[in-house]
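S.K.: With the sequence up front, the predicted model follows.
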Amino acid sequence: MGIRESLRKSPALVKAVRKWRNFVTTHKGVNWNKTLYLNFKTQRFADAVKLPILVYGKLKIPNLSGKIVIEGPVYHGKIKLGFNSEYFSASRGSAILMVSGQLIFHGRFRSSVDCMIDAAGVLEFDDLCFVGNAVKVSCKNHISLGRASRLGVESQVFDSNFHYVRDVETGVVRKKSAPIVIGRFCWIGNRATLMKGTRLPDYSIVAGNSMCNKDYTVDAPAYPCFAGSPAKAVGKGGGLRIFDIEEEARIDAFFAANPQAATCTSYTGVIDETDLIGKYF
């Protein structure tokens, strides 16, 4: 009896084959060796078998002596590392994960290709945080990202200067690290750098190639935009990144159909779509 005839006579087998094909399709690019290693090395067995952490592509893990904590319900694919949905560049296979402190996920998380994440201190990602291509996050002290905050391509978040500097006149040596706090729904532009002591209010936009190095929550306008090196608030604020991809598609269609529309104020749609982002994560 051939395979096709066997399938026709066994509905259960047909269902199993379909489920397997769907599984393979939806897990294209998964690095099963690193996926199994990370889950069973860092999670209790009852959670590890669900494979809440999926690793895509190559990943180097020089140090995994610390803890990876997944808060809330644990389910398959809640954390995706190296999942490339941006395609700004092809993966060079240079992704690195080091956890000698604590890496805490408070919800769903996704990182793109070639990211470096070093959690020697306490590194926290709230629900729906996203880390783009070739981002570097080095946590020696404490770094936290609020809900749905996003780090753009090649941006850097360092809560330490890495080395001490001595004042040659006074001999004073200052602390080399300080916590970084990034609020909710923040958008950090490409190649921006956040240094030690940075605090960003909710809904912040940091322009590409900017450098932040202080507390920006003091006297910041609502929905602020920061730019420059060192960065400062520009304009009067009031801008919020659109996170809903369906709304973005509607806006694209509007401007394609109305090329005479000169400014974004020509389109009026959903005012606050921030609760919709989870549907597409």
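M.R.: Alright, I've got the coordinates.
S.K.: Flag the shaky bits of the stretch 151-281 of the chain, pLDDT-wise.
M.R.: 261-266, 269-276, 278-280 (pLDDT under 70).
S.K.: Equivalent analysis for the stretch 1-150 of the chain, please.
M.R.: 1-9, 13-14, 16-17, 20, 24.
S.K.: ranges for the strands of it?
M.R.: Taking DSSP state E, counting those that start in this stretch as the criterion, the stretch 1-150 of the chain carries its strands at 53-55, 60-63, 67-70, 79-81, 96-99, 102-105, 109-111, 116-119, 122-125, 129-131, 136-139, 142-145, 150-151.
S.K.: among the ones you listed, which is nearest Val30?
M.R.: Distance to Val30, taken as Cβ to Cβ, is lowest for strand 53-55 among the strands of the stretch 1-150 of the chain, at 5.7 Å. Heads up, the C-betas are built off the backbone N, CA and C, glycines and all.
S.K.: Give me the sheet partners of the closest one and which way each runs.
M.R.: Partners of strand 53-55 in the sheet, by DSSP bridges, are strand 79-81 (parallel).
S.K.: Ok, which of the strands of the stretch 1-150 of the chain comes nearest Gly197?
M.R.: strand 142-145 (11.2 Å).
S.K.: Contacts only, for Leu64.
M.R.: 38, 41-42, 97-99 (Cβ atoms under 8 Å, 6 or more residues apart in numbering).
S.K.: Find the residue closest to Phe226 in space, skipping its chain neighbours.
M.R.: Val206 (5.1 Å; Cβ to Cβ, 6 or more residues apart in numbering).
S.K.: residues near that neighbour, how many?
M.R.: 27 (other Cβ atoms under 10 Å).
S.K.: Give me the phi and psi angles of Met211.
M.R.: Dihedral pair for Met211: phi -130, psi 120, per degrees, to the nearest 10.
S.K.: any idea which of the contacts of Leu64 has the most stuff around it?
M.R.: Leu38 (25 neighbours).
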